[in-house]
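[1] With the sequence up front, the predicted model follows.
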Amino acid sequence: MFYYPIPIAVRHTSRVAVALVAAVLICGGIAASSACAEMVEIAPAERLRINTKLRSKVETTRLEAIERLAQSPSVDSLRLLIDAGLADSAETVQLAACRAVVQFVEQPELREALQQRLLRESQAAQPNPVAVTLLRVALQTLSANEPIPNDDWFNTKFVITRHAAPLAIMLADQLASRAERTDVPTLVNLLRTKLAESFPVRRAAVQTLTRIEAVEAIEALIAELPRFSGETLLDAVEYLQLVTQQRLTDSAHWSQWWQANKATFEFPWPLVRPRGRTILNTPVAAGESTYYGMPIYAKRVVFVLDGSGSMSGVKLAKAQDELAQAIVRLPADVHFGIVVFNSDVLRWRPALVPAERGNKDAALQFVRRIVAQNNTSTFPALQTALGYDAEAAYLLTDGVPSSGRIVAPPAIVATITQQNRLHRQSIYTIGVGADIAGPEFATFLRTLAESNRGAYRSVEP
């Protein structure tokens, strides 16, 4: 299983997420309306004193200001809690501010004010940590275990904002670093919004659930299984198989097994998480699409083929045959694309296309016309693959990179993995003649795959 660490720009504020969870627990959750006071405006003179305290270098003084704001629910108090409290450098101040915000949003007027603020923050030049915290509070306000209406403000206004998806992914990554059972409802609510129609968001939420070793997370994954497909379904099933030692795949069978075993289930200890895909070792059904023996689970896939001079002859001919067979067997509900690289990068189509007969025939003609020549520009080819709205990329190459902006394998792995944080693609790698090319080549492809939720396979030339 894989998840991304919190980005450097956000990492120092991850304690905001910790404070928010503590605030929810202390307040008894957002539904604790009895803990919330009536709307109370602060007199101008007192507001001035509060502002002065919020600018103090003394932590206890700032904390006093936050606690005073918490006693006076109002739009103005909410603004100060967000601007000064959530952004404060002291964890105790953040905790107090989070606790107050959680209480405030029980009131419709303040909930609307928070929603408007979140909308503004999500349109900012860059995603920011305060917006991530506000998103978490907003998700907490959604009704649990009930369908979220399509006309809800979250589904109609927030999801279309500039940074809605990146903020959701950043939130999921923060929660993954905590891996607490109290975060499960937030993740389930995220999966129930239209944001989860975006593959990167849906996958980020599922991957975070697989980091939480709690029965609540297992129950959530099994309940959501019928809605998953492709790589997201693979993430969930791989994790369920790992922790239960059951080899089930069908959602109905998982549900039945869980109902029968939930009361006595215990997590294996220690839980050893393998690097790379394990379910790829499962026998493949007849007629199922594979690529060099690896099952293709993704519903949106891009094939990245090395067309450099070293691939000439038998290697390219075999690669063309393998790719042609994979394309022919793709189900009709899959979308696919092809990228060929040597010194340059060539896209067969600018976007993924349905695996229909006409598109398959055109793709096969394109594959047969590939001529091996020039150098190996692996880095720009991978960047091009990330530009597709794909769940998975399959990279086939026979040597270490020799051209492009970045050629050092460790630097390529680091850069692509960071850029892939918001795409969430699985990168599967196939090394042609890896034993001949040397250990650096095999290490490069294996590390690239394992760092990006994929798997590596070495094949003979």
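    Structure's in. What do you need? Residues are numbered from 1 along each chain as shown.

[2] Now do the phi/psi pair for the residue found closest to Arg192 once you drop the neighbours it is linked to in the chain.
    Distances taken as CB to CB, 6 or more residues apart in numbering put Ile148 closest to Arg192, at 5.2 Å, once the chain neighbours are dropped. Using the backbone N, CA and C atoms, a C-beta is placed for each residue, glycine as well. When quoted as degrees, to the nearest 10, the phi and psi of Ile148 stand at phi -90, psi 120.

[3] what about the strands in the protein?
    Read by DSSP state E, the chain holds these strands, from start to end of the chain: 290-291, 294-295, 300-306, 335-341, 345-347, 353-354, 392-397, 426-432, 456-459.

[4] and those strands as CSV, adding mean neighbour count?
    As requested, the strands of the chain are arranged in CSV below (neighbours: other CB atoms under 10 Å):
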stretch, mean neighbour count
strand 290-291, 18
strand 294-295, 19
strand 300-306, 26
strand 335-341, 24
strand 345-347, 17
strand 353-354, 16
strand 392-397, 26
strand 426-432, 26
strand 456-459, 20
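
[5] Identify whichever of the ones you listed lies nearest to Leu316.
    Nearest to Leu316, of all the strands of the chain, is strand 300-306, at 8.6 Å by CB to CB.

[6] gap between the closest one and the chain center?
    Taking CA atoms, centre = their mean, to the nearest Å, the mean C-alpha location of strand 300-306 is offset from the chain mean by 21 Å.

[7] Against which helices or strands is it packed?
    The contact analysis (3 or more CB pairs under 8 Å, 6 or more residues apart in numbering; DSSP states H and E) places strand 300-306 against helix 314-328, strand 335-341, helix 378-386, strand 392-397.

[8] Quick one: closest of the ones you listed to Phe199.
    Among the helices and strands packed on strand 300-306, the nearest to Phe199 by CB to CB is strand 392-397 (10.2 Å).

[9] Adjacent strands (with direction) for the closest one?
    According to DSSP bridges, strand 392-397 has the following sheet partners: strand 300-306 (parallel), strand 426-432 (parallel).

[10] In TSV: those strands, plus mean pLDDT.
    As requested, the strands paired with strand 392-397 are arranged in TSV below (pLDDT from 0 to 100):
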stretch	mean pLDDT
strand 300-306	98
strand 426-432	96
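
[11] want to throw the ones you listed into CSV with distance to Thr264?
    Supplementary listing: the strands paired with strand 392-397 in CSV, determined by distance: least, CB to CB, whole Å:
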stretch, distance to Thr264
strand 300-306, 39
strand 426-432, 34
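
[12] Of those strands, which is nearest Thr397?
    In terms of CB to CB, the element of the strands paired with strand 392-397 nearest to Thr397 is strand 300-306, at 3.8 Å.

[13] and the closest one, C-alpha only, in CSV?
    The C-alpha coordinates for strand 300-306 follow below in CSV (Å, rounded to 0.1, in the frame of the first residue of the first chain):
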residue,chain,number,x,y,z
ARG,A,300,-8.0,4.6,-17.7
VAL,A,301,-4.5,3.5,-18.8
VAL,A,302,-1.6,5.0,-20.8
PHE,A,303,1.1,2.8,-22.3
VAL,A,304,4.6,4.4,-22.5
LEU,A,305,6.8,2.6,-24.9
ASP,A,306,10.6,3.1,-25.4
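
[14] Contacts for that strand, please.
    The set of residues that contact strand 300-306 without belonging to it, under CB atoms under 8 Å, 6 or more residues apart in numbering, is 199, 230, 291, 319, 323, 326-327, 330, 334-342, 352, 367, 370, 376, 378, 381-382, 384-385, 388-399, 432.

[15] please redo it, this time with the cut-off set to 6 Å
    Strand 300-306 has contacts (CB atoms under 6 Å, 6 or more residues apart in numbering) with 323, 335-340, 352, 381, 385, 388, 390-398.

[16] hmm, back to that, for Asp183, find the nearest of the strands of the chain.
    Ranking those by their distance to Asp183 (criterion: CB to CB) puts strand 426-432 first, at 23.9 Å.

[17] what's the domain layout of the protein?
    For the chain, the domain assignment from automatic domain parsing gives the residue ranges 8-212, 290-459.

[18] start to end distance for the shortest one?
    Using CA to CA, to the nearest Å, the end-to-end distance of domain 290-459 comes out at 14 Å.

[19] returning to what we had before: save the strands of the chain as JSON lines, and put in distance to Ala442 too.
    Listed next are those as JSON lines, based on distance: least, CB to CB, whole Å:
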{"stretch": "strand 290-291", "distance to Ala442": "19"}
{"stretch": "strand 294-295", "distance to Ala442": "16"}
{"stretch": "strand 300-306", "distance to Ala442": "15"}
{"stretch": "strand 335-341", "distance to Ala442": "20"}
{"stretch": "strand 345-347", "distance to Ala442": "23"}
{"stretch": "strand 353-354", "distance to Ala442": "33"}
{"stretch": "strand 392-397", "distance to Ala442": "11"}
{"stretch": "strand 426-432", "distance to Ala442": "6"}
{"stretch": "strand 456-459", "distance to Ala442": "6"}
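
[20] quick one, which of those is nearest to Arg405?
    For the strands of the chain, the distance to Arg405 is smallest for strand 345-347, at 11.6 Å, taking CB to CB.

[21] In its sheet, which strands sit next to that closest one, and in what direction?
    Checking strand 345-347 against DSSP bridges gives partners strand 335-341 (antiparallel).

[22] what angle separates the strand it pairs with from helix 378-386?
    Per axes from the mean of the first three to the mean of the last three CA atoms, to 10 degrees, the angle that strand 335-341 makes with helix 378-386 is 160 degrees.

[23] Contacts for strand 335-341 next, please.
    For strand 335-341, the surrounding residues in contact (CB under 6 Å, 6+ apart) are 300-305, 307, 330, 346-349, 352, 354-355, 370, 377, 381, 384-385, 388.

[24] Rebuild the domains of the chain as a markdown table, extending it with distance to Gln245.
    Compiled in a markdown table, the domains of the chain are given as follows (distance: least, CB to CB, whole Å):
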| stretch | distance to Gln245 |
| --- | --- |
| domain 8-212 | 16 |
| domain 290-459 | 21 |
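
[25] Out of those, which gets the lowest mean score?
    The weakest mean pLDDT among those belongs to domain 8-212, with a mean of 84.

[26] isn't Gly399 right next to Ser310, touching?
    Yes. The pair Gly399 and Ser310 qualifies as a contact (CB atoms under 6 Å) at a distance of 5.4 Å.

[27] Ok, which of the helices and strands packed on strand 300-306 comes nearest Pro268?
    Of all the helices and strands packed on strand 300-306, the one in closest proximity to Pro268, counting by CB to CB, is strand 392-397 (28.1 Å).

[28] Would you mind measuring from the residue positioned nearest the centre of the chain to Leu190?
    By CA atoms, centre = their mean, the mean C-alpha position of the chain lies nearest to Ala204, the distance being 2.4 Å. Between Ala204 and Leu190 the distance, using CB to CB, to the nearest Å, works out to 9 Å.
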